[in-house]
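**Student:** take a look and give me a structure for this.
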Amino acid sequence: MGFIIRLLVNALALYLLTQVYGGVSFAPGADVVGVLIAALVMGIVNALIRPVLLLLSLPVNVLTLGLFTLVVNGVVLYLVAAVTALNVNGFGAAIIGALILTVISWVLDAVVGALGLDGKSE
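**Tutor:** Numbers count the residues shown, from 1 in each chain. Modelled structure (predicted):
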């Protein structure tokens, strides 16, 4: 059940990102299935590719005191856009979109946790 809630939260976060920020959008004609597929791909990329990117960029990340993580998150969003119905208007838009997506996901996670839908007992 937690996987489905996480997928729905990610899908809602991606959808809200496209509504708030003009640099990231879904392809015309993309439906709910397209948004869910983009969220699923985002989860897979975050689970498999992002840790490798963070490990490879560790020296630069240490030098920038963690700010290079924003670039890694932008690369992840750009990769997701390359294989799904998500459109990103360049790499700078991917970095800004990843930053906004992080904030939106953080807020949605807090709401889900406050409602007790995350399955964690207190």
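
**Student:** in the protein, which spans are strands?
**Tutor:** For the chain, the strands identified by DSSP state E occupy 24-26, 86-88, in order along the chain.

**Student:** which of those sits closest to Ala94?
**Tutor:** Distances from Ala94 to each of these were compared using C-beta to C-beta; the minimum, 4.7 Å, belongs to strand 86-88. In this view, the C-beta of every residue, glycine as well, is placed from N, C-alpha and C.

**Student:** what's that closest one in contact with?
**Tutor:** 14, 18, 23-27, 38, 77-78, 80-81, 94, 97 (C-beta atoms under 8 Å, 6 or more residues apart in numbering).

**Student:** same deal with stretch 13-23?
**Tutor:** When contacts are defined by C-beta under 8 Å, 6+ apart, stretch 13-23 is touched by residues 24-26, 35, 38-39, 42, 86, 88-90, 92-94, 96-97, 100-101, 104-105, 108.

**Student:** can you tell me which of the contacts of strand 86-88 end up in helices?
**Tutor:** When DSSP state H is applied, these are split such that Leu14, Thr18, Ala38, Leu77, Tyr78, Val80, Ala81, Ala94, Gly97 fall in helices.
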